[in-house]
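Colleague: Show me how the following folds:
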Amino acid sequence: MPKYLIINADDFGYNPQQTKAIDELMRGKLITSTSLMTVAPDAANAAELARLGGYPVGVHLTINSDDSKNRWQSNSGAPSLCEKGMGLYESQVGLALHARRRDVRAELEAQYNFISSRGVEVDHADNHCATLYGINGRRFYIDAYNFCAEHSLPYRFPKTPGFLSRQIDREVPGVIKCFQKIIVGAGERRGVGLLDDLVSNPWSMDRIKDYDTLRKYYLDAVENCIDGVTEIFMHPAYPIDDRPGEWTKRVYELRLLQSGDLLEAARRNNIELVSWSVFRDLGKI
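Modeller: Numbering: from 1, shown residues only. You can find the predicted model right below:
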């Protein structure tokens, strides 16, 4: 079976540093896909760049906020997704306790419309911080699948346990494998295209320590790419003076993608580089 690889940059529109990095990578054909974060401060600028460049763009479905001091605002104004008028919940617990599923679905539609109304075709959906995967005890993955089915979008969720194993750095327990099968089955019953595998480095900078460590991780991932459709996703960005530490990982990811090393590794291993449109091309949606 052929091997296909999507190289996606998440968080397009997160801030000017992220937007600039992803725009340059797309223009240089150093990545094959990006996903736009519509609730983030630079989202409108990112959408315009995507329209002008004709980029393959997904919607980075986001129902939480990363920063407690500068809360992102929902696109729909759905009340149960926001904490006391401050904006989207930063706390995953708060979100899980208060979010109503009808508000979640309304927000997903609003985020899709934010992009499509600006003249950009949405080619897939993925999720920020795994809020729609069911790990918070809520069945938001059903809402995500129904949304994707309605818009004929493939969705970021892996059918095989390799991603989960790499995230926790050990064999996946049987109960989690069972839960994964349930979520995969829910998507497949609705005709939603899903990935065969998914790769993203889960380590903090304490473990990464230097650029070469991160580079080796991703090169090894390409070398060990399985049959079917695999996605590698990163969050490349330029430096921010007042955000050292973990932001450095994004800077390293930008450097790696700028190098073209992943593209070369894919070609060397006879892996076809594709965007999310591969699901349509293969008749998977």
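Colleague: Only C-alpha atoms, please: export stretch 227-238 in PDB.
Modeller: Extracted in PDB, the C-alpha atoms of stretch 227-238 (Å, rounded to 0.1, in the frame of the first residue of the first chain):
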ATOM      1  CA  ASP A 227       1.200   2.500   5.000                       C
ATOM      2  CA  GLY A 228      -1.700   4.800   4.400                       C
ATOM      3  CA  VAL A 229      -2.100   8.500   5.300                       C
ATOM      4  CA  THR A 230       0.100   9.900   8.100                       C
ATOM      5  CA  GLU A 231       0.100  13.500   9.300                       C
ATOM      6  CA  ILE A 232       3.000  15.200  11.000                       C
ATOM      7  CA  PHE A 233       1.900  18.400  12.700                       C
ATOM      8  CA  MET A 234       4.000  21.200  14.300                       C
ATOM      9  CA  HIS A 235       3.500  24.700  15.500                       C
ATOM     10  CA  PRO A 236       6.300  26.700  13.800                       C
ATOM     11  CA  ALA A 237       6.900  30.300  14.800                       C
ATOM     12  CA  TYR A 238       9.400  33.100  15.000                       C
END
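Colleague: Can you measure across stretch 205-212, start residue to end residue?
Modeller: One end of stretch 205-212 sits 12 Å from the other (C-alpha to C-alpha, to the nearest Å).
Colleague: residues in contact with that stretch?
Modeller: 201, 213-214, 245-246, 248-249, 252, 255-256 (C-beta atoms under 8 Å, 6 or more residues apart in numbering). Where C-beta positions appear, they are placed from N, C-alpha and C, glycine not excepted.
Colleague: Any buried residues in it, and which?
Modeller: For stretch 205-212, a neighbour-count test (16 or more other C-beta atoms under 10 Å) marks 205, 208, 211 as buried.
Colleague: which of the residues you listed lies closest to residue 229?
Modeller: Taking C-beta to C-beta as the measure, residue 208 is the one of the buried residues of stretch 205-212 closest to residue 229, at 26.7 Å.
Colleague: measure that closest one to residue 89 for me?
Modeller: Per C-beta to C-beta, to the nearest Å, residue 208 is found 28 Å from residue 89.
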